[in-house]
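S.K.: This is a predicted model, with the sequence first.
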Amino acid sequence: MNLLYIVLLSLFSILVLFALTKLIGYRQMSEMSMFDYISGITIGSIAAEMATSLENDFLQPLTAMVVYGLVTAFLAMITSKNMKIRRLISGTPYILLNNDVLYEENFKKGHIDLSEFLVQCRINGYFDLSQLQTAILEENGKISFLPKSTQRPATPQDMNLELAKETLLPTYIMDGHILRENLHHSGKDETWLLKQLDAHRCADPSEVFLATGNQNNSLNVYKKNHRSGGSVVKE
């Protein structure tokens with residue numbers, strides 16, 4: 001009975017966590033501020049405590065979870081409307097480098113050292129600081145890099161080229177299953193799809209692992225292949 005009780009409470013806590021996450025918003029998962037991080041850990045700990053509690057009174061941890069979720073959602077609403085409160089809770093960005101000058105004081109305020117900064121530069125493809133115009137430590141702890149104009153790749157606009165407008169490419173087949181809703185939204189039908197597959201020597205959609213549209217109004221087809229790609233060679 002205790003195991004069944006834990007299973008039921010675990011499922012219930014997952015449902016509550018899902019509802020709270022929807023209430024808080026996707027920002028909790030993608031761009032966590034310091035408060036988001038703290039509240040996320042706390043809500044998860046309370047959920048685990050509630051799921052494994054063998055006591056009959058689960059309302060106390062449930063109430064705590066709901067309170068944390070509501071407070072987080074309330075603060076998110078306030079910070080979106082009040083810049084001062086947002087800076088107080090989420091923090092402010094710090095310029096770490098600009099015009100070949102490193103701002104030591106901002107490194108201290110952001111609690112980041114030079115070694116970590118250089119690692120992030122290398123991860124983002126900048127092995128020479130002279131390639132950078134500006135580096136900013138954002139509110140969520142990530143560093144944004146702006147390369148110098150002479151270091152960034154050339155764009156079609158730089159060369160005065162006019163290119164066709166890019167559009168989202170739909171997926172028509174996934175793991176052998178036809179996504180009929182995508183066909184309908186694209187103005188296509190299964191007859192068109194089967195003709196495209198026949199051009200790729202596919203007799204049946206079940207042979208296709210993935211099929212997507214392309215800019216040429218045809219298909220990119222990836223057939224099912226049960227062979228492994230082999231192991232990565234390590235030096």
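M.R.: Received, thanks. For clarity, every value in this text was computed on a predicted model and none was experimentally measured.

S.K.: helix or strand for the closest residue to L219 other than its chain neighbours, which one?
M.R.: Take L219 and drop its neighbours on the chain: the residue closest to it by Cβ to Cβ, 6 or more residues apart in numbering is Q196, 4.3 Å away. From N, CA and C alone the C-beta is placed, and that goes for glycine too. The secondary structure element spanning Q196 is helix 190-199 (assigned by DSSP states H and E).

S.K.: Please list the outside residues in contact with the next helix or strand after that helix.
M.R.: As assigned by DSSP H and E, the chain's next helix or strand after helix 190-199 is strand 208-213. Contact with strand 208-213 is made by 169-176, 186, 193, 196-197, 202, 205, 219-225, as judged by Cβ atoms under 8 Å, 6 or more residues apart in numbering.

S.K.: again, 7 Å this time
M.R.: Outside strand 208-213, the residues that touch it by Cβ atoms under 7 Å, 6 or more residues apart in numbering are 169-176, 186, 197, 202, 219-224.

S.K.: Give the buried subset of these as a ChimeraX selection command.
M.R.: With 16 or more other Cβ atoms under 10 Å as the criterion, this ChimeraX line picks the buried residues out of these:
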select :170,172,173,186,197,202,219,221
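
S.K.: in the protein, which helix or strand is least confident?
M.R.: Lowest on mean pLDDT, DSSP states H and E among the helices and strands of the chain sits helix 27-30, with a mean of 44.

S.K.: if we can go back for a sec, can you point out the buried residues in the helix holding Q196?
M.R.: Within helix 190-199, the residues that count as buried by 16+ other Cβ under 10 Å are 192-193, 196-197.

S.K.: ok, these vs L132, which is closest?
M.R.: Relative to L132, the closest of the buried residues of helix 190-199 is Q196; by Cβ to Cβ it sits at 46.0 Å.

S.K.: Can you give me the pLDDT of that closest one?
M.R.: On the pLDDT scale, Q196 is placed at 92.

S.K.: so how far is L169 from it?
M.R.: If you measure Q196 against L169 using Cβ to Cβ, to the nearest Å, the figure is 14 Å.

S.K.: buried residues in stretch 77-84?
M.R.: Residues of stretch 77-84 classed as buried under the neighbour-count rule (16+ other Cβ under 10 Å) are T79.

S.K.: Check stretch 114-129 too.
M.R.: Of the residues in stretch 114-129, those buried under the neighbour-count criterion (16+ other Cβ under 10 Å) are 117, 120-121, 126.

S.K.: From what I see, the residue nearest to L219 and N216 are in contact.
M.R.: No: under the criterion of Cβ atoms under 7 Å, Q196 lies out of contact with N216, with a separation of 10.9 Å.

S.K.: all helices of this protein, in order?
M.R.: Here the chain has its helices, by DSSP state H, at 2-24, 27-30, 34-52, 59-79, 83-90, 104-109, 114-123, 180-185, 190-199.

S.K.: comparing these, which gets the lowest mean pLDDT score?
M.R.: The stretch with the lowest average pLDDT out of these is helix 27-30, scoring a mean of 44.
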